[in-house]
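A.B. asks: model the following, please.
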Amino acid sequence: MPSYTPDTTIKPVFNDFFGAFGGRYVAEVLRAPLEELEHEFKAAMVDPAFLADLATVHREYIGRPTPFLYARNASAALGGAQIYIKLEGLANTGAHKINNAAGQILLAKRMGKKRIIAETGAGQHGVATAAVCAKFGLPCTVYMGEVDIARQRPNVYLMELYGAKVVPVSSGSRTLKDAVNEALRDWAGSFADTHYLLGSALGPSPFPDMVREFQAFVGREVAQQAKGLDIAALIACVGGGSNSIGFFEPYLDKTTPRLIGVEAGGRGSGLGENAVRMGGDARPGVVQGYKSFFLLDDDGQVQDTHSVSAGLDYAGIGPQLAHLGQIGRVEFASALDSEVIEAVKFFARHEGVVFALESAHAGAYAMKLAPTLPKTRAIIINMSGRGDKDIFISAKIINPEPWIGFLKDEVESYERAQHPKENR
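C.D. replies: Numbers count the residues shown, from 1 in each chain. So this is what the prediction gives:
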């Protein structure tokens, strides 16, 4: 595989708005730190020294470039288009989230910040943030909804292993949107020495631009690795949108290939059963400092959502993706929880890779699309994370009896070890 060197001639585009979406709808207290962040980010992205440091972190710590896998067996089994997989799950910490975390930690160091806070849903952003904080010697606090803590315990363990403080959020639906709210509250009272390392391409400006640029290295690698392929479509899952916007970035100003974002279809089409925004009943609104499409009730309150994947269980979508969907450059589809589980099994058994539940949404849609296209064409899936983190969810669905038996045995073994005298 050819090595990848970031093209420093590519200059980032900065936007307060993407069409009608985006902006900076925040309390007065946050305007100054956001303006400072925007100024420092713009300066850093044209600073050769900063870009050189980032390239070193990519190479030596993250493990870039990540592999580009020809899914030969899956392609043959499905028929039709040839499937390729961008293996972001092989990046350090197991997902694409490390790209943004690394870029922002360097920016925070450049700004002289002494503390990092973050929000997390599935936990991968929290793990990535905790890891880079350990690497660069900064204390880290991660806000995480109680529901997500319960279903993503392995990632909580890893965050704490890296030295982060994980703060349970008990308000609202106790998921990602509530974790974002708590992180914003913290930042409003601590921005003088604290950087909020937001994990998705949403929130008030400049966060959508910042996250896109730090994730765009994924798409730029793909553009080099896929040279010579007749690409029909790029497919990525979409929650807030960090993996998809970075994956799509080199192609946003082109008319081809098709760019397809796959949302969480959940259990079905009923209220609270999914997290389908662009292909569902979302409406424009201003939430958490930015304007976009959100799942809102008639009073403008954010609705509850559901997905088997904690990372897609979010009621809004990044403003740039909202705009791209509105103008038709990005197509949106959805995958049901049941289809996602089937995709996890399919790619594990045919290619020896285990998709994260989030990424498996993209895999599920690719399984439908590939047979409809000729064999001369290619589909590229962004496997934005690997499925190790989901074992406590996926194992009890795919093979419940042995898994539940194993957990019971582990609990009994632990209890015996804690009370050895009683077990003699």
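
A.B. asks: thought Ser359 was touching Asn382?
C.D. replies: Yes. If you go by Cβ atoms under 8 Å, Ser359 and Asn382 touch, sitting 6.9 Å apart. Glycine gets a C-beta too; all of them are placed from N, C-alpha and C.

A.B. asks: which residue, other than its chain neighbours, is closest to Val302?
C.D. replies: Take Val302 and drop its neighbours on the chain: the residue closest to it by Cβ to Cβ, 6 or more residues apart in numbering is Ala315, 4.8 Å away.

A.B. asks: let me see the contact set for that neighbour.
C.D. replies: Residues near Ala315 by Cβ atoms under 8 Å, 6 or more residues apart in numbering: Lys177, Ala275, Arg277, Val287, Phe294, Leu295, Leu296, Val302, Gln303, Asp304, Thr305.

A.B. asks: I'd guessed the fourth one sits against Phe294; true?
C.D. replies: Yes. In this structure Val287 lies within contact range of Phe294 using Cβ under 8 Å: 5.3 Å.

A.B. asks: the two: who's more crowded?
C.D. replies: Set Val287 next to Phe294 and count neighbours by other Cβ atoms under 10 Å: Phe294 wins out with 24 against 21.

A.B. asks: strands of this structure, start to end?
C.D. replies: For the chain, the strands defined by DSSP state E occupy 17-18, 21-22, 68-70, 82-87, 115-120, 140-145, 165-169, 194-196, 231-237, 258-266, 283-287, 290-294, 330-336, 378-383.

A.B. asks: and Phe355, which of those is closest to it?
C.D. replies: strand 378-383 (5.5 Å; Cβ to Cβ).

A.B. asks: among the contacts of Ala315, which one has the lowest pLDDT?
C.D. replies: Minimum pLDDT for the contacts of Ala315 is recorded at Lys177 (82).

A.B. asks: for Pro319, see how far away that residue is.
C.D. replies: With distances taken as Cβ to Cβ, to the nearest Å, Lys177 is found 16 Å from Pro319.

A.B. asks: which one of the two has more residues nearby?
C.D. replies: Neighbours per residue (other Cβ under 10 Å) separate Lys177 from Pro319, with Pro319 holding more: 29 against 25.

A.B. asks: tell me the pLDDT at that one?
C.D. replies: Value listed for Pro319 in the pLDDT field: 97.

A.B. asks: relative to Pro284, how far out is it?
C.D. replies: The gap separating Pro319 from Pro284 is 10 Å, by Cβ to Cβ.

A.B. asks: which residues do those two both contact?
C.D. replies: Phe21, Lys291, Ser292.

A.B. asks: tell me the one of those nearest Lys165?
C.D. replies: Among those, Ser292 lies closest to Lys165 (Cβ to Cβ), at 29.9 Å.

A.B. asks: show me the contacts for the closest one.
C.D. replies: Here Ser292 is in contact with Phe21, Gly22, Leu202, Pro284, Gly285, Gly316, Ile317, Gly318, Pro319, Ala322 (criterion: Cβ under 8 Å, 6+ apart).

A.B. asks: any idea how far it is from Ser170?
C.D. replies: 26 Å.
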